[in-house]
Structures are given as structure tokens and as C-alpha cells.
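Student: Here is the input, now give the coordinates:
(one chain, ligands or ions: 2)
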Amino acid sequence: MTDDFVPVIDLSARNTEAGRAAIAGAIGKACETSGFFSVVGHGVARDLVESMYTTTKGFFTLPETEKERSANRGTGVSGLRRPGGPYEAFAAHVTGDLSDEERGRLGDYPATWKVANIWPDDTFRTTWHRYMAAMTDLSADIMRLFASALDLDPNFFDDKFDRHVSLLLANYYYPRPAPDALRREAHTDWGSLTVLYVEDDLGGLQVAHGDDWLAVPPVPGSFVVNIGDLMAFWTGGRWASTVHRVVTPEQDSTRSRISIPFFYLPNHDASIEPMQPLAPAQPEAHLERVTVGQWFSHKMQTTYQASS
Ligand code: OGA
Ligand code: NI
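Tutor: Ligands and ions are numbered 1, 2, ... in the order given. Just a heads-up that it's a prediction; the model follows:
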């Protein structure tokens with residue numbers, strides 16, 4: 001059951017015509033059901049992933065006084081944040097190293113992608129930049145497969161992402177959380193797609209399925225890909241932006257854990273509207289035209305206003 005719900009899809013034949021059609025078919029099916037799949041044969045260099053995880057873990061395990069120098073200064077998500085709960089996080093936007101002036105032009109909303117990045121040191125910054133570039137390439141490839149799966153021109157999405165505002169986020173989950181504490185509460189992702197490297201077979205990521213939670217089977221060396229809200233809008237609700245959460249696996253509760261999702265977010269001013277009349281609206285489906293900036297500022301307000 002879970003195997004079909006979150007299928008493992010081999011991308012290695014994506015550059016041949018026959019391979020591409022089969023892959024797009026499998027991806028389309030997954031996006032209509034769970035909104036989650038794992039990819040192998042993705043072509044992302046293992047060395048890069050390893051240095052990314054090593055460098056990032058190194059940061060989280062620094063002495064407190066050193067970490068503190070990279071603390072978030074109150075706006076946006078950049079740098080080190082402790083949102084409360086069983087984890088802390090470090091984040092950077094791909095736009096966060098543009099000049100103040102260029103960032104100021106990324107929309108009229110107080111969006112997190114308009115805020116400058118904070119970097120602990122040069123090695124860390126270089127490694128994150130390289131990883132962002134690799135995740136951008138992989139995500140763009142997957143968007144082209146999405147386009148094929150939807151019977152669109154493979155390049156349909158290209159001009160919606162040529163100034164993308166994507167976010168790279170490292171979650172550092174503390175060891176020994178309170179019993180029953182979720183590492184991450186149930187939520188949907190807000191962007192178009194999310195890619196998350198799977199380091200080992202410990203698992204913990206779960207996807208809502210009716211009243212149940214189904215585990216995403218961990219495939220070491222793969223990336224878990226899931227659809228976010230914007231992709232659900234784009235497809236008129238035919239594809240699912242599925243609720244997911246992270247639990248602490250029993251055997252893992254004494255260890256800390258790191259996860260580094262990349263949220264592929266379109267241009268701030270890309271207008272998202274259903275591309276064709278598709279499925280009847282789901283309760284959450286949003287079928288009116290919305291720009292990426294509007295959607296994120298709406299989500300920021302509704303998510304964080306109530307709790308502050
Ligand atoms: C997220 C998320 C999963 C994980 O940050 O949106 O779902 O395993 N993370 O940390
Ligand atoms: Ni998520």
C-alpha cells in the first residue's frame with residue numbers, strides 16, 4: 001500500500017523520449033494520489049550532498065556563542081532561528097545575496113525572500129550556494145516532468161521560475177524530545193515542490209491518508225519530492241498538496257537529526273491560475289488567480305498572526 005502511495009521513481013532515463021514518458025506517467029499518478037514520491041537516479045553528486053550535511057551539522061554543533069553570531073535579527077527566516085519546540089533551524093533564500101536594491105524590487109509585500117542572508121562563514125556559504133544550484137537544477141527537471149505529466153509543453157513552467165525565490169532550510173531536531181512530541185506539526189508546503197534528501201533508513205516523515213498517517217518509506221540516497229500548495233492551484237486541485245508531519249522514530253529518539261528541504265518557489269510575481277478546468281475544488285483548493293507574493297503573505301499572516 002505504502003509503496004504505491006509514495007512510489008520510488010527512477011529518473012535516470014529522463015533524457016530519452018520513452019524513459020521520459022514513463023517517468024512523467026508515474027509522477028502524474030503519484031501527484032494525483034499522495035502528492036509524494038521518492039526519486040533515485042537523480043544525478044545529484046553524493047560528494048556535494050555529503051559536504052552539505054557535514055557542513056550544516058558542523059554549524060549546529062558549534063558552541064552557543066559562535067552560533068549566536070548567525071542568529072536571525074528579527075525579520076524573515078535567514079540565519080539561525082529557534083521557533084520553539086523540539087528543533088532549531090537555519091535558512092537562506094536564493095535571493096538573499098542580491099543587493100539591497102535588487103531585493104527591494106522583489107514585490108510590495110514584506111516577504112522573507114527580500115531579506116539579506118546571514119552566513120556563519122565562507123565555507124558554509126559556498127557549500128550552501130552549490131547545494132542551492134544543484135537543487136534548482138533537479139527541481140527544474142522535475143517541473144519539466146510535471147509539465148509532461150500534465151500534457152503541457154515541457155518548458156511551460158520555465159518563465160515562471162527564471163527569477164525564482166526558493167528557500168533552503170535546515171531543520172536540526174534535538175535528541176530526546178518529550179514523549180509524543182512531533183518533530184514537525186502537520187502542515188502543507190506553500191510552494192510548488194519540495195525536495196528533501198534521505199540520509200538513512202530511520203524515517204519519521206508521514207503523510208496524511210484519510211484519518212491515518214502513512215510513513216514515507218525511507219530510501220537512503222534518494223530525494224523525497226512533494227507537491228506544495230501552488231502546484232495544487234496550478235492543476236485546479238487535481239494534484240494534491242498533502243498534509244504531512246515528522247515524528248520521532250522509537251530507535252532514534254536519543255539522536256539529533258538534521259533535514260534540509262529545498263522549497264522551489266516561483267518568481268515573486270508569477271501569477272498562478274488553474275491551467276485548465278480540472279477536478280472539483282477540494283475544501284482547501286484555491287481556484288482564483290494569485291501571485292506568489294500574495295499567496296505567501298497570506299500564509300504568513302494566517303500562520304503566524306494567531307500564535308504571536
Ligand atoms: C518541512 C518538512 C520534513 C522533515 O520543513 O516543510 O516537511 O523531515 N520537513 O524535516
Ligand atoms: Ni513540509
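Student: C-alpha from now on. contacts and neighbour counts both.
Tutor: Fine.
Student: Stretch 188-197: how far from the chain's middle?
Tutor: From the chain centre to the centre of stretch 188-197 is a distance of 3 Å (Cα atoms, centre = their mean, to the nearest Å).
Student: Just the mean pLDDT for that stretch, thanks.
Tutor: The average pLDDT within stretch 188-197 is 98.
Student: quick one: contacts for the closest residue to Leu150 other than its chain neighbours?
Tutor: Spatial nearest neighbour of Leu150, excluding adjacent residues (Cα to Cα, 6 or more residues apart in numbering): Gly28 at 7.3 Å. Neighbouring residues of Gly28 by Cα atoms under 8 Å, 6 or more residues apart in numbering: Phe146, Ala149, Leu150.
Student: now do Pro177
Tutor: Pro86, Arg183, Thr248, Ser253.
Student: Find me the pLDDT at the first one, would you?
Tutor: Pointing back at Pro86 there. pLDDT, read off for Pro86, is 91.
Student: how near is Gly41 to Arg105?
Tutor: To Arg105, Gly41 is 38 Å away according to Cα to Cα, to the nearest Å.
Student: More neighbours: those two, which one.
Tutor: Gly41 (14 against 10; other Cα atoms under 10 Å).
Student: which bits of the stretch 151-300 of the chain sit near ligand 1?
Tutor: Residues of the stretch 151-300 of the chain found near ligand 1 (Cα under 6 Å from any ligand atom) are Asn171, Asp189, Leu205, Val246, Ser259.
Student: Pick the one among those closest to Ala134.
Tutor: Proximity of those to Ala134, judged by Cα to Cα, is greatest for Ser259, which lies at 16.5 Å.
Student: Can you tell me who the closest one pairs with across the strands?
Tutor: Ser259 has these beta-bridge partners by DSSP bridges: Asn171.
Student: Could you pull up the contacting residues of the residue in the stretch 201-308 of the chain that ligand 1 sits nearest to?
Tutor: Residue nearest to ligand 1 within the stretch 201-308 of the chain (Cα to the nearest ligand atom): Ser259, separated by 4.8 Å. Counting by Cα under 8 Å, 6+ apart, Ser259 touches Ala170, Asn171, Tyr172, Leu196, Tyr197.
Student: where do the helices sit along the stretch 101-250 of the chain?
Tutor: Listed in chain order, the helices found in the stretch 101-250 of the chain under DSSP state H, counting those that start in this stretch are 122-149, 229-234.
Student: which helices and strands does the longest one pack with?
Tutor: If I follow you right, that is helix 122-149. Where contact means 3 or more Cα pairs under 8 Å, 6 or more residues apart in numbering; DSSP states H and E, helix 122-149 is packed against helix 17-33, helix 46-60, strand 193-197, strand 262-264.
Student: Give me the buried stretch members for the helix or strand that comes right after the second one, please.
Tutor: Stepping forward along the backbone from helix 46-60, the first helix or strand reached (DSSP states H and E) is helix 64-68. Within helix 64-68, not a single residue qualifies as buried, counting by 16 or more other Cα atoms under 10 Å.
Student: Name the surrounding residues that touch helix 64-68.
Tutor: By Cα under 8 Å, 6+ apart, helix 64-68 touches Phe59, Phe60, Leu80, Pro120.
Student: Check the gap between the third one and Asp122 for me.
Tutor: Here Leu80 is placed at a distance of 16 Å from Asp122 (Cα to Cα).
Student: So for these two, which sits in the more crowded spot?
Tutor: The neighbour count for Leu80 versus Asp122, taken as other Cα under 10 Å, is higher for Leu80 (25 against 9).
Student: what helices or strands is the helix or strand containing the more buried one leaning on?
Tutor: Secondary structure assignment for Leu80, by DSSP H and E: strand 79-81. Applying 3+ Cα pairs under 8 Å, 6+ apart, one finds that strand 79-81 contacts strand 87-93.
Student: Disregarding flanking residues, what is the spatial nearest neighbour of Pro120?
Tutor: Ser70 (5.6 Å).
Student: got it, and Arg81?
Tutor: Using Cα to Cα, 6+ apart and skipping residues adjacent in sequence, the residue nearest Arg81 is Ala89, 5.3 Å away.
Student: Surely the one you found is in contact with Leu80?
Tutor: Yes - the criterion here is Cα atoms under 8 Å, and Ala89 meets it with Leu80 at 5.7 Å.
Student: Would you mind listing the residues in contact with Arg81?
Tutor: Contacts for Arg81 (Cα under 8 Å, 6+ apart) come out as Ala71, Asn72, Glu88, Ala89, Phe90.
Student: overlap between those and the residues near ligand 1?
Tutor: Counting by Cα under 6 Å from any ligand atom, nothing from these sits close to ligand 1.
Student: so what's Ala279 scoring on pLDDT?
Tutor: 51.
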